[in-house]
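I need the structure of the sequence given here:
(2 chains)
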Amino acid sequence: MTELHHLTLAELNEGLRARRFSSVELARHFLARIERLNPALNALITVTPEYALAAARRADELLASGEAGALAGLPLIHKDIFCTDGVLTTCGSRMLSNFVAPYDATIVEKLSQSGVVMLGKANMDEFAMGSSNETSFYGPVKNPWDLKKVPGGSSGGSAASVAARLAPVATATDTGGSIRQPAALTGLTGLKPTYGRVSRYGMIAFASSLDQAGTMTITAKDAAMVLRDMAGFDPRDSTSVDTPVPDYVAGLDRPLAGLKIGLLKEFFESGLEESTAKLIREALQVYERLGAKLIEVSLPNLPLSVPTYYVVAPAECSSNLSRFDGVRFGYRCENPQGLEDLYMRSRGEGFGAEVKRRIMTGTYVLSAGYYDAYYLRAQKVRRLITDDFARAFQQVDVLMGPTSPTPAFDIGAKVDDPITMYLNDIYTIGANLAGLPAMSIPCGTVGGLPVGLQIIGPHFAEAKLLNVAHGYQNETLWHRDIPKGYA
Amino acid sequence: MSLTDNDVKNIAKLARLKLSDEQLPVYVDSLSKIFDFVAQLNAADTAAVEPMAHPLADQVQRMRPDEVLDTDQHAKYQRNAPRVEADLYLVPKVIE
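Purely as a prediction, here's the structure:
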């Protein structure tokens, strides 16, 4: 028998509208799964059953009256980076372990208006800084495919939640790969939209020229449904782009014959495991059968994306995180001896090891005498990388390659070596530097662990990416796999 | 490049971060490795390249009409403050 949590968001939506089950039943079903399965996964920091049941009752009334929004009654988990009015919002940090957000992030507000039912807040790397979800003050998240493995990061809680079917969808954010890499490592469809497509208002800032909110779902169709209601201009975010939001669902079934796919030469070199490469090549064959043409392209500056990112992102982080001073909100040390001591100890004790490392990296690269050598140079290389992408998109419609060089690795394996950890994001960072939309979709397993295919498009080509991903998911069933013990 | 203990102490001071004696050598080691790693950027020819501060070309900061959009909510915001008295945020004495 098909159980409710086997269904995709689109299927749950049909069921709700056909009155086969109610929103309250759905919320109860997923809340019961959270209660039973989350203790082993540590995927959620906060569960909000009362909030969820109240929202579900409202959704049921609206569904009955025919006035319901497009996502009415559908359960969702928000990454704990998004401010939720009256609900604890920690960003995975001791610094915000007592912070009850006084307002909703724009995407939280928009999705509430559309009728979603928030079940809780997902665990994450502290301030979204990490690729394994091991830097969280609330402890590591486990990968439902193998509890000894990491789920990826920083949106590891969002990924583990959807992979374990604790919810059919979770919100997430991506600064250097934090949606796509965990989606790949847990067998999900992860979408990072174009920079500026989705409002950043109320999303706790890490690196403001890179951060973008997106979705973690079972299918591309589900991602299209959610993005339609998340995206759009927001006057409260000064980098939000005022361009119309297309109907992402309407374009999903366009045929892929004649699609020009660029294979990123650089992605198939350096450090890609052969077993992962094989699955990527098989996925490309599926696209060839659908009539797509494969064209090898080279982005010569792409190998510099990781060092570029590790100057730009820490610089922006050191500036953004200077607001945490122990004065108006957040953690404050005991018995401060003067204002300087209050700042130094509140920040020293409130931030974890990786966040401090990045603040110090950023402080150094922005400091007098080093600014030109590091930050200005990185901004120049960022343009070289962006120009490489622009040239590639003159030849091809989308770029494809792996999302991550390996499947999920062991918890603890890379935690003591920041450079090795940073290199997990070697394939994902380029899209952030250039502000491009990108997705990861599941394309097979190695040793029982999922592998992701990455699809990168030109600015504002989300509809094309979703169309391309949906075409593959019509031909394959990898996206419907559920880890053992969670079916 | 290898940073000294004093370099890292100075960076931590600029960043207003108190580091413990045990943390210091960990950061001396890892920050030195990070700055070695990002030194790869020196290989790129950036002579004629304009620095890129924003991922979308032609984006400018928008102006908006100077209108009141939010009402006073200080009581709600101050519920998150570590110490408040008479609607004021309290910090240790700065001037004796």
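
which SS class is the residue of chain B at minimum distance from chain A?
Nearest residue of chain B to chain A (C-beta to the nearest C-beta) works out as B:P55 at 2.7 Å. Any C-beta I mention is one placed from the backbone N, CA and C, and that applies to glycine too. Under the three-state scheme (DSSP: H, G, I helix; E, B strand; the rest coil), B:P55 adopts coil.

Without its sequence neighbours, what residue ends up closest to it?
In this structure, B:P55 finds its nearest non-sequential neighbour in A:G435, 2.7 Å apart by C-beta to C-beta, 6 or more residues apart in numbering or on different chains.

For the one you found, list the residues it contacts.
A:T194, A:Y195, A:G196, A:T386, A:H459, B:P55, B:L56 (C-beta atoms under 8 Å, 6 or more residues apart in numbering or on different chains).

One more pass at 7 Å, please.
A:T194, A:Y195, A:H459, B:P55, B:L56 (C-beta atoms under 7 Å, 6 or more residues apart in numbering or on different chains).

Check A:D410 too.
A:K148, A:K149.

same thing but 6 Å
A:K148 (C-beta atoms under 6 Å, 6 or more residues apart in numbering or on different chains).

Equivalent analysis for A:I261, please.
With C-beta under 6 Å, 6+ apart, A:I261 has these contacts: A:Y287, A:A292, A:L294, A:V398, A:M400.

Which of those sits closest to chain B?
Of the contacts of A:I261, the one sitting nearest to chain B (C-beta to the nearest C-beta) turns out to be A:V398, at 18.2 Å.

and that closest one, what pLDDT?
You'll see A:V398 listed with a pLDDT of 98.

Wait, it touches A:Q454, no?
No. Between A:V398 and A:Q454 there is no contact under C-beta atoms under 6 Å: 10.0 Å.

With neighbour numbers in mind, choose between those two.
Neighbour totals were compared for A:V398 and A:Q454, and A:Q454 leads with 29 against 26 (other C-beta atoms under 10 Å in any protein chain shown).

Where does the more buried one sit, in terms of helix or strand?
Using DSSP states H and E, the element containing A:Q454 is strand A:449-456.

Against chain B, how distant is A:G369?
Distance of A:G369 to chain B, given as C-beta to the nearest C-beta, to the nearest Å: 12 Å.

still on that earlier bit, sheet-wise, list the partners of the strand holding A:Q454 with their directions.
strand A:398-402 (antiparallel), strand A:438-446 (antiparallel) (DSSP bridges).

and A:L284, what pLDDT?
98.

what residues are up against it?
A:L294.

State whether it is indeed within a helix.
Yes. Applying three-state DSSP, one finds A:L284 inside a helix.

At the contact with chain B, which residues of chain A appear?
Applying C-beta under 6 Å from any C-beta of the partner chain, we find that chain A lies next to chain B at A:99, A:102, A:195-196, A:209, A:238, A:304, A:307, A:310-311, A:327-329, A:332, A:336, A:338-339, A:342-345, A:347-348, A:356, A:359-361, A:363-364, A:376-377, A:379-383, A:418-419, A:435.

okay, the biggest helix by length in chain B in PDB with CA atoms only?
The longest helix of chain B (DSSP state H) is helix B:23-38. Only the C-alpha atoms of helix B:23-38 are listed here, as PDB (Å, rounded to 0.1, in the frame of the first residue of the first chain):
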ATOM      1  CA  GLN B  23      42.500  27.200  20.200                       C
ATOM      2  CA  LEU B  24      45.400  29.500  19.200                       C
ATOM      3  CA  PRO B  25      47.800  26.900  17.600                       C
ATOM      4  CA  VAL B  26      44.900  25.300  15.700                       C
ATOM      5  CA  TYR B  27      44.100  28.600  14.100                       C
ATOM      6  CA  VAL B  28      47.800  29.400  13.400                       C
ATOM      7  CA  ASP B  29      48.000  26.100  11.500                       C
ATOM      8  CA  SER B  30      44.700  26.200   9.600                       C
ATOM      9  CA  LEU B  31      44.800  29.900   8.700                       C
ATOM     10  CA  SER B  32      48.300  29.500   7.400                       C
ATOM     11  CA  LYS B  33      47.100  26.600   5.200                       C
ATOM     12  CA  ILE B  34      44.100  28.600   4.000                       C
ATOM     13  CA  PHE B  35      46.300  31.600   2.900                       C
ATOM     14  CA  ASP B  36      48.700  29.200   1.200                       C
ATOM     15  CA  PHE B  37      45.700  27.600  -0.600                       C
ATOM     16  CA  VAL B  38      44.200  31.000  -1.800                       C
END
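
which residues of the chain score low on pLDDT?
In the absence of a named chain, chain A is used. Applying pLDDT under 70 to chain A flags residues A:1.

other chain: chain B
By pLDDT under 70, the low-scoring segments of chain B are B:96.

got the contact list for the spatially most central residue of it?
Taking C-alpha atoms, centre = their mean as the criterion, B:A15 is the residue nearest the geometric centre of chain B, at 7.0 Å. When contacts are counted by C-beta under 6 Å, 6+ apart, B:A15 touches A:I359, A:M360, A:T363.

returning to what we had before: now the contacts of A:G435 as JSON lines including neighbour count and distance to A:L12?
As requested, the contacts of A:G435 are arranged in JSON lines below (neighbours: other C-beta atoms under 10 Å in any protein chain shown; distance: C-beta to C-beta, whole Å):
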{"residue": "A:T194", "neighbour count": "25", "distance to A:L12": "27"}
{"residue": "A:Y195", "neighbour count": "28", "distance to A:L12": "30"}
{"residue": "A:H459", "neighbour count": "21", "distance to A:L12": "32"}
{"residue": "B:P55", "neighbour count": "22", "distance to A:L12": "35"}
{"residue": "B:L56", "neighbour count": "16", "distance to A:L12": "35"}
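
Pick the one among those residues closest to A:T89.
A:Y195 (22.9 Å; C-beta to C-beta).

Quick check: chain neighbours aside, which residue is closest to that closest one?
A:G435 (3.5 Å).

Please state the backbone phi and psi of the one you found?
phi 70, psi 20 (degrees, to the nearest 10).

separation between it and B:M52?
Distance, A:G435 to B:M52, by C-beta to C-beta, to the nearest Å: 10 Å.

just A:S367 next, same as before
A:S367 is 21 Å from B:M52, where distance means C-beta to C-beta.

quick one: which of those two has more around it?
B:M52 (22 against 16).

mind listing what the residue lying closest to A:A122 once chain neighbours are set aside touches?
Of all residues not flanking A:A122 in the chain, A:G157 sits nearest, at 3.4 Å (C-beta to C-beta, 6+ apart). Remark: with contacts taken as C-beta under 6 Å, 6+ apart, A:G157 is in contact with A:A43, A:A122, A:N123, A:M124, A:V141.

Now do the SS call for A:G157.
helix.

Next: A:T215.
strand.

swap in A:K356?
For A:K356, the assignment made with three-state DSSP gives helix.

Give me the residues contacting stretch A:135-142.
For stretch A:135-142, the surrounding residues in contact (C-beta under 6 Å, 6+ apart) are A:41-43, A:45, A:92-94, A:123, A:125-126, A:133-134, A:151, A:156-157, A:160, A:352, A:354, A:411.

most surrounded residue in the contacts of A:I261?
Neighbour-wise, the contacts of A:I261 (other C-beta under 10 Å) top out at A:V398, 26 neighbours.

For it, give the beta-bridge partners.
A:I261.

Please report the distance of it from A:G251.
If you go by C-beta to C-beta, the gap between A:V398 and A:G251 works out to 14 Å.

Repeat that for A:C83.
32 Å.

same question, A:F99
40 Å.

out of those two, which sits in the busier spot?
More neighbours surround A:F99 than the other of A:F99 and A:G251, with 18 against 15 (other C-beta under 10 Å).

and the more buried one, what are its phi and psi?
phi -90, psi 110.

which residues touch it?
A:T89, A:F329, A:G330, B:N80.

Next, format those residues as TSV and append distance to A:L53, neighbour count and secondary structure.
Shown next, in TSV, are the contacts of A:F99 (distance: C-beta to C-beta, whole Å; neighbours: other C-beta atoms under 10 Å in any protein chain shown; DSSP: H, G, I helix; E, B strand; the rest coil):
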residue	distance to A:L53	neighbour count	secondary structure
A:T89	21	24	coil
A:F329	29	23	coil
A:G330	30	23	coil
B:N80	26	16	coil
